[in-house]
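Peer 1: here's a sequence, model it:
(one chain, ligands or ions: 1)
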Amino acid sequence: MPQSLTHTQLVELADRFGTPLYVYHAEKIKEQYEKLTEGFSSLDSRFFFACKALTNINILKYIHSLGCGIDCSSINEVKLALHAGIPEEKILYTSNGISFAEIEEAVQSGVHINIDSLSNLEKFGKKYGNTYPVGVRLRPNILAGGNLKISTGHEKSKFGIPIDQLDLLKGIVAENSIRIKTLHIHTGSDIKDADVFVHGIKVLSELVSHFPDLEVIDLGGGFKVPYEPEDEETDIAFIADKLKKYLETHLFNKGRTFQLWFEPGKYLVSECGYLITQVNVLKDNGVQIFAGINSGLNHLIRPMMYDAYHHIVNLSNPHAEEKVYTVTGYICETDTFATDRLLHEVREGDYLVLYNAGAYGFEMSSNYNSRYKPAEVLVKEGDAFLIRRRDEFEDLLKNQITVV
Ligand SMILES: *Cc1c(COP(=O)(O)O)cnc(C)c1O
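Peer 2: Residues are numbered from 1 along each chain as shown. I've put the predicted structure just below:
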C-alpha cells in the first residue's frame, strides 16, 4: 500500500498551519528507502541521501535513522549533517567546482570526499599524500537524464574529471601517492533506464585496474520518480538485477569486489512532499482562466527552471465539475505552475496542492519580491510537527545594515 496523505489530512494541515505550506510525510520516505535497500539487497550497496534536495535537519535525522547516509554538495551541508548528529563515516561530500579550502575543512571533519577537478586533486595530493583515502568524480561522457538542464555526465558538462584525462589523473595520483578509494559518476537526474547505470559501470570497469586502493564504485543518484498520474515507477529491483549481472561478469570476476554507493535525492524525498497553496484570484480573460495562487517561483521554481510537471489537485471542491485552468503565482515574473490543467472547479480561497514537492522545492526557495518562505511540517506516525516556522518581517531585515 503506497504511503500518501489523504486530501482530508492535507486540508486539516492547511487549516492548522496556514498556507503556503510544505508538508513532508515520513513514512513515504521510509517506503522509498526500503524499495532501494530491498531492490539492491543482493549487492553490497550503501545509500547516501543527496541532501541538496531537502536539508531540514529533521529530515536528515529521520533519513539517517533509517540507516541511510547523507551526500553533501557544500561544506555547509556537511556541517548541517554533523549538526544533525550524523557520524562522519555516514557523510559523503561530492564536490563540484569548490575551493580547496572547503576540501580542507571536509578533511578536518573526517567525512568521505569525492574530488571533481584535477586542480583540487593535485592540491589534495600535495597536502595529504597517502594519508586520506579519497574518491574522484569522473565525467563519463554519457548523456542521460530527463533533459539537458539536469544532465551532468555528457561531454559538455562542467561536472567531474573527463575520463579522457585519465593519464593526467594517474600522473597526479602516482606523483603524490594518493589513495583513490572511490570512483564516482553521477550522470544526471530522472533516469529510469537500467542501461544508464550499466553503461556507467562499463565505463568504470575499464578504469579499475589503474586504482589498486579502490574499494567503492559510486554511481551517484538520479533515479526517476513518477510525476504525472500515468508515469510508471522506476523498477529498482530490475536495475539492481541488471547491474548485478554486469558486475559479476565484468567487474567482480578478477577476485576484486567493490561496494556500490548511490546518492538518491529525488527518489527518497520527491513524493513525500506537498506544497499546499490557496487561490488568491481568478482571472478569466475569455481565452484562459488563470487561478492565481499565494505562491510563486520564490517557493517552487522547478516548473519554470526545468519545465517540471507537478500534479495539482483542488482540495476544496472535490465533487465539482472539472474545468481547464492555468495556475500561476503572485511573483512579478511569469511564474506558471501549470498550463491548461483540468481541475475541479476552482473558487477564490480554495486550497490547491502541488504534488512531488519534497525534492528541490523548499530547498530552492528564496525571498524574491520580499515574500516570506513557507513553513515546513513533518507528518510522522500520524502526528504533524512544525519543523520550520514561516518567515516573518524581521527575517527580511535580518542581515541588512542601515547606513543611510
Ligand atoms: C544532485 C545530485 C544527486 C541527486 O540527484 P537526484 O536526481 O535528486 O537523485 C546525487 N549525486 C550528486 C553528486 C548530485 O549532485
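Peer 1: okay, now the unreliable bits of the stretch 51-200 of the chain?
Peer 2: 143-150 (pLDDT under 70).
Peer 1: contact residues of it facing the ligand?
Peer 2: 52-53, 71, 73, 94, 186, 189 (CB under 6 Å from any ligand atom). Just so you know, the C-beta spots here come from the backbone N, C-alpha and C atoms, and that holds for glycine as well.
Peer 1: please flag which of these sit within strands.
Peer 2: Secondary structure defined by DSSP state E assigns 71, 94 of these to strands.
Peer 1: nearest to the ligand among the residues of the stretch 51-200 of the chain next to the ligand?
Peer 2: S189 (3.2 Å; CB to the nearest ligand atom).
Peer 1: what sits against I91?
Peer 2: 48, 69-70, 72, 78, 81-82, 109, 111-112 (CB atoms under 8 Å, 6 or more residues apart in numbering).
Peer 1: change it to 6 Å
Peer 2: 70, 81, 111 (CB atoms under 6 Å, 6 or more residues apart in numbering).
Peer 1: what of F290?
Peer 2: So F290 contacts 283, 326, 328 (CB under 6 Å, 6+ apart).
Peer 1: does the last one really touch G292, like I thought?
Peer 2: Yes - in terms of CB atoms under 6 Å, T328 counts as a neighbour of G292; the distance is 5.3 Å.
Peer 1: more neighbours, the two?
Peer 2: T328 (22 against 18; other CB atoms under 10 Å).
Peer 1: distance of that one from the ligand?
Peer 2: From T328 over to the ligand the distance is 26 Å, taken as CB to the nearest ligand atom, to the nearest Å.
Peer 1: residues in contact with that residue?
Peer 2: T328 touches 290, 292, 336, counting by CB under 6 Å, 6+ apart.
Peer 1: tell me the phi and psi of it?
Peer 2: As for T328, its main-chain torsions (degrees, to the nearest 10) stand at phi -130, psi 160.
Peer 1: partners of it in the sheet?
Peer 2: Under DSSP bridges, the beta-bridge partners of T328 are G292, T336.
Peer 1: quick one, helices of the stretch 151-300 of the chain?
Peer 2: Ranges of helices in the stretch 151-300 of the chain, per DSSP state H, counting those that start in this stretch, are 166-175, 194-205, 236-250, 266-269.
Peer 1: shouldn't L260 be in contact with R46?
Peer 2: No - counting by CB under 6 Å, L260 stays clear of R46, with 7.4 Å between them.
Peer 1: more neighbours: which of those two?
Peer 2: Taking neighbours as other CB under 10 Å, L260 and R46 compare with L260 leading, 22 against 18.
Peer 1: how about the more buried one: what's its closest non-neighbour residue?
Peer 2: Excluding its sequence neighbours, the residue lying closest to L260 (CB to CB, 6 or more residues apart in numbering) is S45, at 4.3 Å.
Peer 1: could you do L315 as well?
Peer 2: In space, L315 is closest to Y351, 4.2 Å off (CB to CB, 6+ apart).
Peer 1: give me the buried positions along stretch 325-341.
Peer 2: Residues 325-331, 335, 337-338, 341 are the ones in stretch 325-341 that count as buried (16 or more other CB atoms under 10 Å).
Peer 1: and which of these is nearest the ligand?
Peer 2: Nearest member of the buried residues of stretch 325-341 to the ligand, counting by CB to the nearest ligand atom, is F337, at 20.3 Å.
Peer 1: the closest one is in contact with P303, isn't it?
Peer 2: Yes - if you go by CB under 6 Å, F337 and P303 touch, sitting 5.2 Å apart.
Peer 1: give me every residue in the stretch 201-350 of the chain lying close to the ligand.
Peer 2: When proximity is defined as CB under 6 Å from any ligand atom, the stretch 201-350 of the chain approaches the ligand at 220-223, 263-267.
Peer 1: put together CSV for those, with neighbour count and pLDDT on each row.
Peer 2: Listed next are these as CSV, based on neighbours: other CB atoms under 10 Å; pLDDT from 0 to 100:
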residue, neighbour count, pLDDT
G220, 29, 93
G221, 25, 93
G222, 29, 92
F223, 26, 93
E263, 29, 97
P264, 25, 97
G265, 25, 97
K266, 24, 97
Y267, 27, 97
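Peer 1: secondary structure element holding K323?
Peer 2: strand 322-328 (DSSP states H and E).
Peer 1: quick one, strands of the stretch 51-200 of the chain?
Peer 2: Assigned by DSSP state E, counting those that start in this stretch, the strands in the stretch 51-200 of the chain fall at 69-72, 91-94, 112-115, 134-139, 161-162, 180-184.
Peer 1: CA atoms only for the last one, dumped as CSV, please.
Peer 2: It stands for strand 180-184. Listed next in CSV are the C-alpha coordinates belonging to strand 180-184 (Å, rounded to 0.1, in the frame of the first residue of the first chain):
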residue,chain,number,x,y,z
ILE,A,180,41.9,6.5,-4.6
LYS,A,181,39.3,4.6,-2.7
THR,A,182,36.2,5.6,-4.8
LEU,A,183,35.4,6.2,-8.4
HIS,A,184,32.3,8.3,-8.7
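Peer 1: relative orientation of that strand and strand 134-139 in degrees?
Peer 2: 30 degrees (axes from the mean of the first three to the mean of the last three CA atoms, to 10 degrees).
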